[in-house]
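Asker: Structure of the sequence below:
(2 chains)
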Amino acid sequence: MDFASLAVGDALPSLPLQPEYMDLVVYAGTSRDYFIIHHDRDAARAARLPDVIIQGSLKAGWLGRVVTGPLGEQGVLRELGVQYRGVDVPDRAVTARGVLRAREDGPGETVLSFDLWLENDEGARTVVGSAVVALPARTAGS
Amino acid sequence: MTEDQWITPEMRARIGEETPPYAFDIEKGDLLRFAESTGETNPIYVDEVAARASRYGGLIAAPTFLITMRILEARLLELDRPLPNSVDGGTVWTYHEPIRPGDRITARARLADLYEKDGRFGRMLFQVVEIRYENQFGQPVVTQRDTGIYYP
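Answerer: Model prediction:
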């Protein structure tokens, strides 16, 4: 995908995900977040949650991938922000999506701002976020 | 102005408080395992050979990697809250310089804000912590703003 030719309203390729319980356990280790509601089902229910809940920052990582995957080396990520609106649990499909919200073509670079969100299998947005990407201005002949 | 149910004058007085600097080393294996656990596909985060040919000249940390340090930092700002449960409200990362294996990163966390709102679990306390990270050259690398939500 050529980021330099994106227009406001264009969608990035969506990222469909099928999170499993073990993905949360692995991420608990790599993120060093051993908070019990992410890996102990009884403890999660005692905290009035439906099941162990997917780590917010793991979902943030998925939203980031919507941008960084297709971006490759075309530019650099300047900012990534997420707000967690709802819980997600293992064995329920989610999809990470992104749309170009704004584009600013400056003399030295083009700055792209994206709206990002994670959608559950009922269409609810459980994470909303944004990303800012800078693309270097194209030089003649490239 | 709504009456605060959870925020005591003592808690409010701590807004602006900053932790002593906390330094940690960036290890390549940690970067790779973290990026793999979020499913990153961009080679600059997961493929050293390809990353070496990139503009960065080598692997760099995935965008959310510093979340791995937040647990330590947040502990330094532990408030005496009467609320047993919590969820993560969100984070905004602003990137200044890439983080590379071998970097020594120094973090300073600051209690940026405390406020209350009614929500799904009743009256909830929101705690905003801003963490500034810099590398061994004194360059800011990332600014991270975390919102924690606490409820009865």
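Asker: List the residues that contact residue 128.
Answerer: Answering for chain A, as no chain was given. With contact taken as CB atoms under 8 Å, 6 or more residues apart in numbering or on different chains, A:Val128 is in contact with A:82-83, A:85, A:115-117. Backbone N, C-alpha and C define where each C-beta goes, glycine included.
Asker: could you do chain B instead?
Answerer: Contacts of B:Val128 (CB under 8 Å, 6+ apart): B:111-114, B:145-148.
Asker: how about 7 Å then?
Answerer: By CB atoms under 7 Å, 6 or more residues apart in numbering or on different chains, B:Val128 lies in contact with B:112-113, B:145, B:147.
Asker: which of the contacts of A:Val128 are close to chain B?
Answerer: Restricting the contacts of A:Val128 to those near chain B by CB under 7 Å from any CB of the partner chain leaves A:82-83.
Asker: of all the contacts of A:Val128, which comes closest to B:Asp103?
Answerer: Using CB to CB, A:Val82 is the member of those that lies nearest B:Asp103, at 24.2 Å.
Asker: Run a quick neighbour tally on the closest one.
Answerer: 29 (other CB atoms under 10 Å in any protein chain shown).
Asker: Enumerate the beta-bridge partners assigned to it.
Answerer: With DSSP bridges as the criterion, A:Val82 is bridged to A:Gly129, B:Thr91.
Asker: That one against A:Val127, yeah?
Answerer: Yes. If you go by CB atoms under 7 Å, A:Val82 and A:Val127 touch, sitting 5.5 Å apart.
Asker: can you list residues touching both of these two?
Answerer: Joint contacts of A:Val82 and A:Val127 (CB under 7 Å, 6+ apart) are A:Leu63.
Asker: can you count the residues close to the closest residue to B:Leu83 other than its chain neighbours?
Answerer: Distances taken as CB to CB, 6 or more residues apart in numbering or on different chains place B:Tyr150 nearest to B:Leu83, at 4.0 Å, with adjacent residues excluded. Number of residues near B:Tyr150 (other CB under 10 Å) recorded here: 21.
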